[in-house]
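Participant: How does the following fold in three dimensions:
(one chain, ligands or ions: 1)
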Amino acid sequence: MLSSQRHLFDMPRDVCFFNAAAWSPLPIGAVEVGREGAARKSRPWEVPVGFDQQQFERARGAAAGLINASVDDIALISSVGYGVCTAAKIFDVPKGSRVLLLDSDHSSPVLEWMTRAADGGFDVATVQVGADYDWTSAILEEINRKDQPPVALASISSVHWSDGGLIDLVEVQSALRACGAGLLVDATHAAGVMSLDVTQLDPDFVIFPTYKWLLGPYGRAFIYVAKRHQGGVPLEQTSYGRKRVSSVADHYFADLDYVESARRFDMGERDFFVSLDVAAYSIELMHSWGIAPVQARMKMLTTRIADGLTERGVNVTLLDECFRAPHLLSLGFPAGMPDGLAETLAEHNVYAAPRLGRLRLSPHVYNDEADCDRLVEVLQAVLR
Ligand SMILES: Cc1ncc(COP(=O)(O)O)c(C=O)c1O
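Facilitator: Model prediction:
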């Protein structure tokens, strides 16, 4: 298990920050990299030729490593929503079929399909979860329904953002395969903290941002596009998405064929180095720790909180350990979440997110046992 990395963050001892699933703090080192990036733009003449390509490939490689992808299958994008739009432009959903979504999943993997459904002549099917929060079984049941049109694609998060429910992607993918359907994974709450191997899973798309679990900035995200979709038309038309559109050549539009590889899907203005360099730095930091040690630390922390709440008889409900993600603990309230709970906690320097009637706790490598114990103590006092 990774030890506490609090010393790498500008985090006062009395702050209990359990909100990485909303937005994580940048490590001190990343802030320095951001400063250097900003300074670089103040003296562009000093930036060496080729620096841009080097940084694109550095970030691309760091992201690829999180899901065991080839760098050629990763594009630099700005947000999960951008990635889902990219996928929706490429992936043909036949008329009369269904796109599977999760009930109350985050808007980014959901709204694009809802928006396209009427014109595209397909339905969206929203998977409802039972009281046990066994998302995987609920998804499998929906895929296998015989009274409904065939499933063309599942566009789903691998960890539910509000209840912290864990989806077994291997089981889901196997059911989708059996009916010839595709899989888009919103790995926002998985990349970097849960293992996901695209060479084994073979999803169609995997998309994740950097500003939460990857300790990075806003505005930087990545999409894995399976080779079978790399002939698709990108969301944006950029010069670097084409084989030869060069501003320094005599003839500008020399070869309009798209470049091979997922690089054709790179977003416009990808050269914003401040965020690119910070993203690369933070992802490399995550790599230096490794997914398993990071996850072990988070599991230790969420288990300590769960045990503490149970031992003290705090009146909250938790998902069963077998159905919840190791790094997220989402509390339910039998009589409803008290008004202003998150604000009251913040008055005690305890930070967590109210999400769809639940209180979502999301620790990261800077949290330690003292944070967990204080959180439990404060929660008990506030909910009494
Ligand atoms: C599951 C999930 N997907 C995506 C996002 C962010 O999406 P975007 O990058 O489009 O803003 C979030 C943010 O909370 C999320 O929880």
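Participant: thought residue 364 was touching residue 298?
Facilitator: Yes. Using Cβ atoms under 8 Å, residue 364 is in contact with residue 298, at 7.1 Å. Quick note: C-beta positions are derived from backbone N, CA and C, even for glycine.
Participant: What is the burial count for the residue in the stretch 201-350 of the chain positioned nearest to the ligand?
Facilitator: Nearest residue of the stretch 201-350 of the chain to the ligand (Cβ to the nearest ligand atom) works out as residue 209 at 4.3 Å. Per other Cβ atoms under 10 Å, the neighbour tally for residue 209 reads 28.
Participant: Residue 381 now?
Facilitator: Other residues near residue 381 number 11, with proximity taken as other Cβ under 10 Å.
Participant: distance of it from residue 268?
Facilitator: 50 Å (Cβ to Cβ, to the nearest Å).
Participant: How about residue 194?
Facilitator: Residue 194 sits 31 Å away from residue 268, going by Cβ to Cβ.
Participant: for residue 318, same thing?
Facilitator: Distance from residue 318 to residue 268, by Cβ to Cβ: 44 Å.
Participant: How about residue 283?
Facilitator: Using Cβ to Cβ, we find residue 283 at a distance of 22 Å from residue 268.
Participant: out of the two, which sits in the busier spot?
Facilitator: Shown here are residue 283 and residue 268; by other Cβ under 10 Å, residue 283 has more neighbours (26 against 14).
Participant: Now do the contacts for the nearest residue to the more buried one once chain neighbours are set aside.
Facilitator: Nearest non-adjacent residue to residue 283, counting by Cβ to Cβ, 6 or more residues apart in numbering: residue 62, 3.9 Å away. For residue 62, the contact set (Cβ atoms under 8 Å, 6 or more residues apart in numbering) comprises 279-280, 283-284, 287.
Participant: ok, now residue 83?
Facilitator: Listed by Cβ under 8 Å, 6+ apart, the contact set of residue 83 reads 77, 205, 207, 221-223.
Participant: In which helix or strand does it reside?
Facilitator: Using DSSP states H and E, residue 83 falls within helix 80-90.
Participant: which parts of this protein sit against the ligand?
Facilitator: By the rule Cβ under 6 Å from any ligand atom, the part of the chain lying against the ligand is 79-81, 106, 108, 157, 161, 186, 188-189, 209, 221.
Participant: what's the closest of those to residue 171?
Facilitator: Ranked by distance to residue 171 (Cβ to Cβ), those are led by residue 157 at 15.4 Å.
Participant: how deep is that closest one tucked in, by neighbour count?
Facilitator: Residue neighbour count, defined by other Cβ under 10 Å, stands at 26 for residue 157.
Participant: With residue 316 instead?
Facilitator: Neighbours of residue 316 under the rule other Cβ under 10 Å: 19.
Participant: Quick check: it touching residue 331?
Facilitator: Yes. If you go by Cβ under 8 Å, residue 316 and residue 331 touch, sitting 4.2 Å apart.
Participant: quick one: common contacting residues for these two?
Facilitator: Shared between the contact lists of residue 316 and residue 331 (criterion: Cβ under 8 Å, 6+ apart) are residues 309, 359.
Participant: Which helix runs longest in this structure?
Facilitator: helix 291-311 (DSSP state H).
Participant: model confidence over it, on average?
Facilitator: Across helix 291-311, pLDDT averages out at 98.
Participant: Now for residue 102: which residues touch it?
Facilitator: By Cβ under 8 Å, 6+ apart, residue 102 lies in contact with 110, 126-127, 129, 135, 139, 156-157, 160.
Participant: Same question for residue 314.
Facilitator: Residue 314 makes contacts with 376, 379-380, 383, as judged by Cβ under 8 Å, 6+ apart.
Participant: Please name the nearest non-neighbouring residue to it.
Facilitator: Nearest non-adjacent residue to residue 314, counting by Cβ to Cβ, 6+ apart: residue 380, 5.1 Å away.
Participant: circling back: report the set of residues contacting both of residue 364 and residue 298.
Facilitator: Here residue 364 and residue 298 share the contacting residues residue 327, scored by Cβ under 8 Å, 6+ apart.
Participant: all strands of the stretch 101-250 of the chain, in order?
Facilitator: Secondary structure of the stretch 101-250 of the chain (DSSP state E, counting those that start in this stretch): strands located at 123-127, 151-157, 182-186, 205-209, 221-225, 242-245.
Participant: before we move on, the earlier item: run the chain-centre distance for the helix holding residue 83.
Facilitator: Put simply, helix 80-90 sits 14 Å off its chain's centre (Cα atoms, centre = their mean, to the nearest Å).
Participant: just so I have it, where are all the helices in this protein?
Facilitator: So, for the chain - with DSSP H - the helices run 28-42, 51-66, 80-90, 111-120, 135-143, 169-178, 198-201, 273-289, 291-311, 341-347, 369-383.
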